[in-house]
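# here's a sequence, model it:
(3 chains)
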Amino acid sequence: MNKMILAMGAAGIAALTSAPAFAQEAAEAVPAAEVVSPGTAYIFNTLLFLLGGFLVMWMAAGFAMLEAGLVRSKNVSTQCIKNIGLYSIAGLMFWIIGYNIAYPHGGEASSALFGMAGTIYPMQAVGAADTGTGYSVASDWFFQMVFCATTASIVSGTVAERIKIMPFFIFVTLLTAIIYPVVVSWEWGTGYLDTEWGFSDFAGSTLVHSTGGWAALVGALIIGPRLGRYAGGKVNVFPGSSIPLATLGTFVLWLGWFGFNGASQLAMGTVGDVSDVSKIFVNTNMAAAGGVVVAIILTQLRYKKADVTMALNGALAGLVSITAEPLAPTVGQSILIGGIGGAIVVFTVPLLDKLKIDDVVGAIPVHLIAGIWGTLIVAWTGDATFTGQLVGVLLTAVWVSAASAIVWLALKYTIGVRPSEEDEMAGMDITEIGVEAYPEFSSKM
Amino acid sequence: MNKMILAMGAAGIAALTSAPAFAQEAAEAVPAAEVVSPGTAYIFNTLLFLLGGFLVMWMAAGFAMLEAGLVRSKNVSTQCIKNIGLYSIAGLMFWIIGYNIAYPHGGEASSALFGMAGTIYPMQAVGAADTGTGYSVASDWFFQMVFCATTASIVSGTVAERIKIMPFFIFVTLLTAIIYPVVVSWEWGTGYLDTEWGFSDFAGSTLVHSTGGWAALVGALIIGPRLGRYAGGKVNVFPGSSIPLATLGTFVLWLGWFGFNGASQLAMGTVGDVSDVSKIFVNTNMAAAGGVVVAIILTQLRYKKADVTMALNGALAGLVSITAEPLAPTVGQSILIGGIGGAIVVFTVPLLDKLKIDDVVGAIPVHLIAGIWGTLIVAWTGDATFTGQLVGVLLTAVWVSAASAIVWLALKYTIGVRPSEEDEMAGMDITEIGVEAYPEFSSKM
Amino acid sequence: MNKMILAMGAAGIAALTSAPAFAQEAAEAVPAAEVVSPGTAYIFNTLLFLLGGFLVMWMAAGFAMLEAGLVRSKNVSTQCIKNIGLYSIAGLMFWIIGYNIAYPHGGEASSALFGMAGTIYPMQAVGAADTGTGYSVASDWFFQMVFCATTASIVSGTVAERIKIMPFFIFVTLLTAIIYPVVVSWEWGTGYLDTEWGFSDFAGSTLVHSTGGWAALVGALIIGPRLGRYAGGKVNVFPGSSIPLATLGTFVLWLGWFGFNGASQLAMGTVGDVSDVSKIFVNTNMAAAGGVVVAIILTQLRYKKADVTMALNGALAGLVSITAEPLAPTVGQSILIGGIGGAIVVFTVPLLDKLKIDDVVGAIPVHLIAGIWGTLIVAWTGDATFTGQLVGVLLTAVWVSAASAIVWLALKYTIGVRPSEEDEMAGMDITEIGVEAYPEFSSKM
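Numbering: from 1, shown residues only, chains lettered A, B, ... in the order given. As a prediction, the model looks like this:
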């Protein structure tokens, strides 16, 4: 109590002078474990979830623009409806069942692989606070929900231009209701990977990005490449319809990532927490910067051109790479981790083409491969073992791949996933949507 | 005082352990009426207005992109200047006179239909705080101002492509200086509807959205449809020039709506308030999601296509529907309310065309019809009577329609509102602006 | 101590009633120097830097869209990679050396023109707070870094369409590592201009905007105009490829400017500070609104058209004009200052063309001329002398012009800055990037 009173006294002196605190260094020394009242901390913690939540929600727009820019104009309207639809479905599914699968153990450690807390997530009454948690449960739910939507966004880019809308939405429904929440339960839900392996994934290099990546990869394999993509024994480039929209989408994602990683600190009600959020902002930014610069340098050296789509994907790969541990690394380590993420993109994009895996926007290199890289390197920078991280990567790979394959195959052999060849050539904007994206602009092609 | 000391003690214990509060459930139980000092609460309340304010300001960009995407390319530059111009005019008018009309009674209940507090809104001195209010008056003014601008944004979409710039700006001037502020005074200004009818409109389904909607509807009727729109006895579709820009605009509006509804709680300086803001975020998001999913399902069933513009407007209609009461409903109710908003769009867009009312972007279904729906349903979910809500809807209808009609007609019979037929066919980008939106892209049409 | 206890008591009473503070005016009177504990203030101050930081980071996207919209389609991909590249390089350079040049004196006043605190900026350990500062140093670094990036963004617009990527990136490297940080050190680094001249530049009309403007102007002079721009003795207009993208970029910049100016208050841990941030929001917004309205009126009067690019640049010029002092002016003064900024754009854009200075996006009128105007007028509205402001403007002019000229000339006479004439005619998207921005849209030209 004495300590508290003293701190309060200091507070009084500092505050009464009515100047910005840091102008007077002597008076305002803040003990690391400074007195912030639990009510104030509650408001700060909740605010962090709300800020992080709306920034990550904004990433849905980023994926929409990135993908709208990287598909051909005949499929742009389709990509737009897929993105706003998947974000909506993710919210509904995560509320109906997803959250309860993701957090089944009520905060207790558990080795169970599957569990469920209940059905339909309840919110507390109006005006009531969550006195046992230190933050509003609604704010936390909102923040978790937008992560769920992000996972689905990753899939839509890879399988673009040759999957019909309804099978895509059905896949998203199952991904966000079950497949993704199970992965979350193992780690953030204090489940198997957390309890048994000390697996560490701060903001989701594996839980979000690799999960989306595996679902996308299996989808690409089962659905097959776009018509003509690998015809004639060579890789035919289908250039994206709008580079500025792809650039806009990348900047939106970069911005949103401050919420994605920063708010994954889960608290800013202490001076230590808010300082850590700040460090996460810096490291996240610098990893992305490293990814961009490395991608530009490598494409310039390799192709004598600075490939803009590689630069954009370099930024995203840098961001994914740092996501598993954005707090512990130094700034220098962050640049290195992100830079290697950028290199991964430059080298694995052509590799996928050699394997005739048609990934329209490069989501597999960015989210899956860089996600694995980012997860494993935590053994170096963070508090985890290489074995533990590898087990997390592999378990996620097995579960997501198997579950996704079942869903994709069931769709393929029931309602079908692809449009007819004629429809695919015409573009799904005409056949599935009835609204052209750019009806007035004539095509060179 | 004892209670406070005890709370402080608890705070001390919790904070001194220096871990995120919610990691230790026992120590940090937060009483719902927890001690947050008035200075801290002041900062939180002000911060909520600033956050909400910049998010709603961003909606101006959302409307600009939505409308730029839904008009034909020959009017895109015009739509851009109209949107940045109306946002600017709204700010100036709300400062010169609008705020003083909107809040004439100094917080006292009043049954007066018209009043005015003064002219030109004063701000306090630098470094001074507003000790009687609990928040900075400048932050509140900023937040109220962006709502005023939103009202004007709604009009610009409906009457696009056939109204000249200067009469449009004159209408905006009067809408934001007088017409909208009078409506606000009746409710948020503790006036007639609030005092006499217990009318309830949390964030403006009626005050903002229906007001904009009535002004737009009357404008559409007086100005008439675009040339050729209903020629030959049928509805001729004029497809929008860029679906990705319309999609971007919708995402921007969705994002901004967290500020629109969330910050309309007007305070986050208590744990109860910030928890309520969180619930508003969730309900707002889920109503929009409901609107999207219903619009997609209905268009798929009705037209065998999933219409992307209907999906976008479904999101917006869901958002408008929940705006009159985003806090009291359960999540399930919110999805239902928003979903019905989505259905309203699907059914009323063709209806307007039958009536030969030419609404370029669908703002009347989205903002007016869904706004009425959202306002009336508060009788079910919130603290209001059906009669009271109906009176609010009708009074707004009468006032805004009459006042708007006077202005539109005065413009029509003085300086004129429409370009010549030749100019309208050529597009206003050439005749009014002199800058084409896409000068290098040739047209199919 | 008594005063503090009393305040705490008031806090208790207010908070225990659990209603929004401002609902009860009597109980919650907040003394201007109210008690906010140093820990709470630390969190608020840090949060302001984070909010301001991500808003200013978002301005990088705004510049990218503005410039992508205002160049011809054959150079849009190039402009995109330049913008994401320059933002990345700025972060790396400001970390490696820039910050240490910008803040060399450790908060002590100094008359030195050059100095350096160290190399590679250190961040504190995980979980540690910066007990001597009152805010997280990482959050401050992040906020300063995005300002550095903004400076580089200004240059890219002016010299667009005729500078190769690599020389541009080399210039950005030196600008962000040395040229800009030196200017910062004189003022925000408590150096020469601050100490000797009482120079005042709240958020950077000179430090950021004029610095970018001088670097751009010298670049435009040394690199020369685009091929054909002034051929045949007349000014040939090269219209921008997408007005909606330019409009989007302007709205993004306007939004980001709330962070740029608002968070330059550097603290919101007192009621006085957060009230000042609010006033800055209002003044910033109203200066921009003034710029828009004046630009529209003047172009309508002068050219009988309301030029949309002038309206956009009017907004930006209004924002730049108010940036040197966004707090002290009244709202009316802010509108006036911003409105004159708008007029500056309308009159100096044609002037530059007369001088055959080819500024692709109008960055010199907006950032340099309006930046000088905004800086000088502080002698009227703020706490500075005309002489002091003029010395700051001139010293910046001499240093930035000289240093930039050396770098531009060195690049010109070594690796070269311009593409070959054939490459420039073909567009750099093909020759430098290999990725067309709009590959499917045929050109009228």
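
# next, give phi and psi for A:E440.
phi -100, psi -10 (degrees, to the nearest 10).

# number of residues surrounding it?
Using other CB atoms under 10 Å in any protein chain shown, A:E440 is surrounded by 19 other residues. (Each C-beta comes from the backbone N, C-alpha and C, glycine too.)

# pretty sure it contacts B:S443?
Yes - A:E440 is within contact range of B:S443, at 4.9 Å (criterion: CB atoms under 8 Å).

# need the residues touching each of those two.
Residues touching both A:E440 and B:S443 by CB atoms under 8 Å, 6 or more residues apart in numbering or on different chains: B:S73.

# what packs against whichever strand or helix holds A:M310?
Element membership for A:M310, per DSSP states H and E: helix A:308-323. For helix A:308-323, the packing partners by 3 or more CB pairs under 8 Å, 6 or more residues apart in numbering or on different chains; DSSP states H and E come out as helix A:243-262, helix A:271-303, helix A:331-354, helix A:370-376, helix C:76-93.

# redo those helices as JSON lines? Include mean pLDDT.
Listed next are the helices and strands packed on helix A:308-323 as JSON lines, based on pLDDT from 0 to 100:
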{"stretch": "helix A:243-262", "mean pLDDT": "98"}
{"stretch": "helix A:271-303", "mean pLDDT": "97"}
{"stretch": "helix A:331-354", "mean pLDDT": "97"}
{"stretch": "helix A:370-376", "mean pLDDT": "98"}
{"stretch": "helix C:76-93", "mean pLDDT": "98"}
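
# can I get those in TSV including distance to chain B?
Below are the helices and strands packed on helix A:308-323 laid out as TSV (distance: least, CB to the nearest CB, whole Å):
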stretch	distance to chain B
helix A:243-262	6
helix A:271-303	6
helix A:331-354	23
helix A:370-376	23
helix C:76-93	10
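
# would TSV of these with mean neighbour count be doable?
Below are the helices and strands packed on helix A:308-323 laid out as TSV (neighbours: other CB atoms under 10 Å in any protein chain shown):
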stretch	mean neighbour count
helix A:243-262	27
helix A:271-303	27
helix A:331-354	22
helix A:370-376	28
helix C:76-93	29
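
# for C:F199, find the nearest of those.
In terms of CB to CB, the element of these nearest to C:F199 is helix C:76-93, at 23.9 Å.

# related to what we said a few turns ago, relative orientation of the helix holding A:M310 and helix A:331-354 in degrees?
Relative orientation of helix A:308-323 with respect to helix A:331-354: 130 degrees, computed using axes from the mean of the first three to the mean of the last three CA atoms, to 10 degrees.

# then helix A:308-323 to PDB, C-alphas only?
Only the C-alpha atoms of helix A:308-323 are listed here, as PDB (Å, rounded to 0.1, in the frame of the first residue of the first chain):
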ATOM      1  CA  VAL A 308       6.500  -5.000 -58.600                       C
ATOM      2  CA  THR A 309       4.300  -8.000 -57.700                       C
ATOM      3  CA  MET A 310       7.400  -9.600 -56.100                       C
ATOM      4  CA  ALA A 311       8.000  -6.500 -54.100                       C
ATOM      5  CA  LEU A 312       4.400  -6.500 -52.900                       C
ATOM      6  CA  ASN A 313       4.500 -10.200 -52.000                       C
ATOM      7  CA  GLY A 314       7.900  -9.500 -50.400                       C
ATOM      8  CA  ALA A 315       6.300  -7.100 -48.000                       C
ATOM      9  CA  LEU A 316       3.600  -9.700 -47.200                       C
ATOM     10  CA  ALA A 317       6.100 -12.500 -46.700                       C
ATOM     11  CA  GLY A 318       8.100 -10.300 -44.400                       C
ATOM     12  CA  LEU A 319       5.000  -9.600 -42.400                       C
ATOM     13  CA  VAL A 320       4.000 -13.300 -42.200                       C
ATOM     14  CA  SER A 321       7.600 -14.300 -41.200                       C
ATOM     15  CA  ILE A 322       7.600 -12.000 -38.200                       C
ATOM     16  CA  THR A 323       4.100 -12.900 -37.100                       C
END
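
# as a whole number, average confidence for it?
Mean pLDDT, helix A:308-323: 98.

# and the angle for that helix with helix C:76-93?
Using the same axes, to 10 degrees: helix A:308-323 against helix C:76-93 is 30 degrees.

# domains in chain A, by residue range?
A:1-35, A:44-433 (automatic domain parsing).

# return the most buried member of those.
Comparing the domains of chain A on average neighbours per residue, with mean count of other CB atoms under 10 Å in any protein chain shown, the densest one is domain A:44-433 at a mean of 23.

# any idea how far apart the tips of that one sit?
44 Å (CA to CA, to the nearest Å).

# ok, A:D307 touching C:D429?
No - under the criterion of CB under 8 Å, A:D307 is not in contact with C:D429, lying 11.2 Å apart.

# find residues that contact each of these two.
C:V435.

# thinking again about what came up before, looking at the domains of chain A, which has the lowest confidence?
domain A:1-35 (a mean of 37).

# list the contacts for A:D383?
A:G198, A:S200, A:A328.
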